[in-house]
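> next input, structure requested:
(one chain, ligands or ions: 2)
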Amino acid sequence: PEAITVGELAKRMGEKGADLVKELFNLDMMVTVNQTIDQDTAELLVDQFGHNIERVSEADVDIDTAEDQDPEETLKPRPPVVTIMGHVDHGKTSLLDALRGTNVTRGEAGGITQHIGSYQVTTKDGQKITFLDTPGHAAFTEMRQRGANVTDIVVLVVAADDGIMPQTIEAINHTKAAGVPMIVAINKMDKPEANPDNIRTRLLEHEVIVESMSGDVQDVEISAKEKTNLDELLEKIALQAELLELKARPDRMAEARVIEAQLDKGRGPVATVLITRGTLKRGDTFVVGTQSGRVRAIVNDQGKQIKEAGPAMPVEVLGLGGVPRAGDVLAVVENEQRAREVAQYRQEKATEKRTALAPTNFDTMFNNIA
Ligand code: GTP
Ligand code: MG
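Ligands and ions are numbered 1, 2, ... in the order given. Next up is the predicted model:
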């Protein structure tokens with residue numbers, strides 16, 4: 001007879017860890033999700049929840065990132081995931097272009113970002129930083145919220161010649177709601193009418209207090225166009241990331257979050273995912289949302305096929321059974337049968353949820369995942 005953690009048992013039962021803890025509390029046992037319980041107690045719980053043991057041994061798992069954590073000693077440092085936010089045309093894409101040394105902006109329809117682009121940049125010190133670009137247009141607010149749920153740090157781009165605009169404020173609010181640290185990049189400093197002090201002062205009205213005004217928000221004056229002070233920005237990001245001590249376990253079956261997905265004419269369903277833990281490998285069987293699939297190819301941010309991808313890497317995955325939704329978790333499982341089981345289980349759950357719940361609230365999603 002083996003002991004099992006409450007979290008693991010909850011996973012196998014497809015229940016919430018917190019619900020099991022509550023039930024145990026009713027049985028006069030004070031345990032947390034990370035603590036182990038003996039088999040008798042586990043069986044009692046299973047009974048209590050109306051599951052039969054058979055079903056549990058089939059381990060029809062609701063894969064959940066929040067409740068089963070990797071042991072501390074398996075964790076390794078990982079790159080930070082940085083989302084660039086800000087008002088339309090304040091220079092988010094230009095900044096990313098400058099950081100990567102490419103020119104995506106010119107290729108965009110009307111210069112407006114229509115999707116979330118994800119790239120990894122390596123600093124002079126060899127440190128990797130993952131960037132997510134998000135559309136700045138008001139119509140794409142939802143997409144921006146999606147972008148932020150995997151975010152460690154937000155870079156708020158504010159054009160020095162413009163000021164605090166509606167979407168600047170929106171970005172500030174989302175960042176605060178997620179409890180994510182922010183770095184302010186005051187852009188377009190090359191313009192004669194640039195007024196960075198005005199930006200800093202106006203930010204005070206939204207309770208964003210930069211260091212020079214004795215607050216704790218880092219700020220940096222840049223020009224994406226002239227590529228000035230970009231190293232300083234990267235340094236500040238690296239510094240902030242260091243404080244966060246970001247870690248993930250690389251040597252396990254991968255879990256990833258879908259950033260965007262579409263049906264590609266030639267390649268079929270393609271998802272851009274961000275690996276949240278583990279290492280994704282070609283040939284892996286996975287479940288994403290309510291679909292199962294097998295990794296046919298992994299494409300990195302340079303458009304090159306790679307064999308595997310580790311934590312905080314943004315990659316495209318081919319080999320999906322359908323187009324998943326942004327925000328879905330992609331989880332590698334042992335084999336195809338298991339993938340089908342989990343997918344089916346999730347489909348049932350999804351149907352239950354659809355009938356039981358109101359539409360997904362993005363703010364809840366934002367907070368739960370962050
Ligand atoms: P959306 O994706 O539509 O929200 O815009 P964005 O924030 O990505 O802005 P984008 O990078 O497309 O830049 C908008 C315009 O500002 C373009 O014409 C850029 O050339 C210009 N721009 C961006 N950065 C700078 C800068 O540092 N200086 C100057 N002078 N112009 C800039
Ligand atoms: Mg853009």
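
> rest of the way, CA atoms for contacts and neighbours
Fine.

> helices of the stretch 151-300 of the chain, residue ranges please.
Under the criterion DSSP state H, counting those that start in this stretch, the stretch 151-300 of the chain carries helices at the ranges 166-178, 196-204, 230-244.

> and the ones you listed: which comes nearest residue 281?
helix 230-244 (26.6 Å; C-alpha to C-alpha).

> where does the prediction get shaky in the stretch 201-350 of the chain?
Within the stretch 201-350 of the chain, the segments meeting pLDDT under 70 span 350.

> I figured residue 218 hits residue 200, correct?
No - using C-alpha atoms under 8 Å, residue 218 is not in contact with residue 200; the gap is 11.0 Å.

> these two: which has the busier surroundings?
Shown here are residue 218 and residue 200; by other C-alpha atoms under 10 Å, residue 200 has more neighbours (23 against 20).

> any idea how far ligand 2 is from the more buried one?
Distance of residue 200 to ligand 2, given as C-alpha to the ion, to the nearest Å: 23 Å.

> so that residue sits right up against residue 210, yeah?
Yes - using C-alpha under 8 Å, residue 200 is in contact with residue 210, at 6.9 Å.

> which residues in the stretch 201-350 of the chain form strands?
Secondary structure of the stretch 201-350 of the chain (DSSP state E, counting those that start in this stretch): strands located at 218-221, 247-248, 255-264, 268-277, 280-281, 285-288, 291-299, 305-306, 308-309, 314-320, 329-333.

> among the ones you listed, which is nearest ligand 1?
Among these, the nearest to ligand 1 by C-alpha to the nearest ligand atom is strand 218-221 (9.7 Å).

> restricting to C-alpha, output the closest one in PDB.
Listed next in PDB are the C-alpha coordinates belonging to strand 218-221 (Å, rounded to 0.1, in the frame of the first residue of the first chain):
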ATOM      1  CA  GLN A 218      12.000  50.500 -13.400                       C
ATOM      2  CA  ASP A 219      11.900  52.800 -16.400                       C
ATOM      3  CA  VAL A 220      14.100  53.400 -19.400                       C
ATOM      4  CA  GLU A 221      14.100  55.900 -22.200                       C
END
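
> from the middle of its chain, how far away would it be?
24 Å (C-alpha atoms, centre = their mean, to the nearest Å).

> would you mark the buried spots in it?
218-221 (16 or more other C-alpha atoms under 10 Å).

> which SS state does the most centrally placed residue in the chain fall under?
For the chain, the residue nearest the mean C-alpha position is residue 150 (1.8 Å; C-alpha atoms, centre = their mean). Put simply, residue 150 is coil when judged by DSSP: H, G, I helix; E, B strand; the rest coil.

> how close does it sit to ligand 1?
Between residue 150 and ligand 1 the computed distance is 20 Å (C-alpha to the nearest ligand atom, to the nearest Å).

> residue 253 too?
To ligand 1, residue 253 is 35 Å away according to C-alpha to the nearest ligand atom.

> I figured that residue hits residue 332, correct?
Yes - taking contacts as C-alpha under 8 Å, residue 253 lies within contact range of residue 332: 5.5 Å.

> same drill for those two, tell me which one is more crowded.
More crowded of residue 253 and residue 332, by other C-alpha under 10 Å: residue 332, with 27 against 18.

> write out the residues of the stretch 151-300 of the chain neighbouring ligand 1.
187-188, 190-191, 223-225 (C-alpha under 6 Å from any ligand atom).

> and with 5 Å instead?
Contact residues (C-alpha under 5 Å from any ligand atom) of the stretch 151-300 of the chain with ligand 1: 188, 223-225.

> show me what the longest helix along the chain is packed up against.
Assignment by DSSP state H gives helix 336-356 as the longest helix of the chain. For helix 336-356, the elements it packs on are strand 285-288, strand 291-299, judged by 3 or more C-alpha pairs under 8 Å, 6 or more residues apart in numbering; DSSP states H and E.

> could I get the CA-only coordinates of the first one as PDB?
Backbone C-alpha positions of strand 285-288 (Å, rounded to 0.1, in the frame of the first residue of the first chain) are rendered in PDB as follows:
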ATOM      1  CA  THR A 285       1.900  12.100 -27.700                       C
ATOM      2  CA  PHE A 286      -0.100  14.900 -26.200                       C
ATOM      3  CA  VAL A 287      -3.500  16.300 -25.300                       C
ATOM      4  CA  VAL A 288      -4.400  19.800 -25.900                       C
END
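
> and that strand, how far out from the chain's middle?
On C-alpha atoms, centre = their mean, the centre of strand 285-288 falls 17 Å from the chain's centre.

> before we move on, what about stretch 234-249?
Relative to the centre of its chain, stretch 234-249 is centred 15 Å away, using C-alpha atoms, centre = their mean.

> run through who's touching that stretch.
When contacts are defined by C-alpha atoms under 8 Å, 6 or more residues apart in numbering, stretch 234-249 is touched by residues 70, 74-80, 123, 127, 129, 152-153, 181, 183, 218, 276-278, 311.

> buried among these? Need that as a selection in ChimeraX.
In ChimeraX syntax, the buried subset of those is picked out as below (16+ other C-alpha under 10 Å):
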select :75,78,79,80,129,152,153,181,183,218,276,277,278,311
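
> mind checking which of the contacts of stretch 234-249 land in strands?
In this view, these that belong to strands under DSSP state E are 76-77, 129, 153, 183, 218, 276-277.

> how far off strand 291-299 does the longest helix of the chain point, in degrees?
With axes from the mean of the first three to the mean of the last three C-alpha atoms, to 10 degrees applied, the angle from helix 336-356 to strand 291-299 works out at 120 degrees.

> and residue 148, what's its pLDDT?
In this model, residue 148 is scored at 44, pLDDT.
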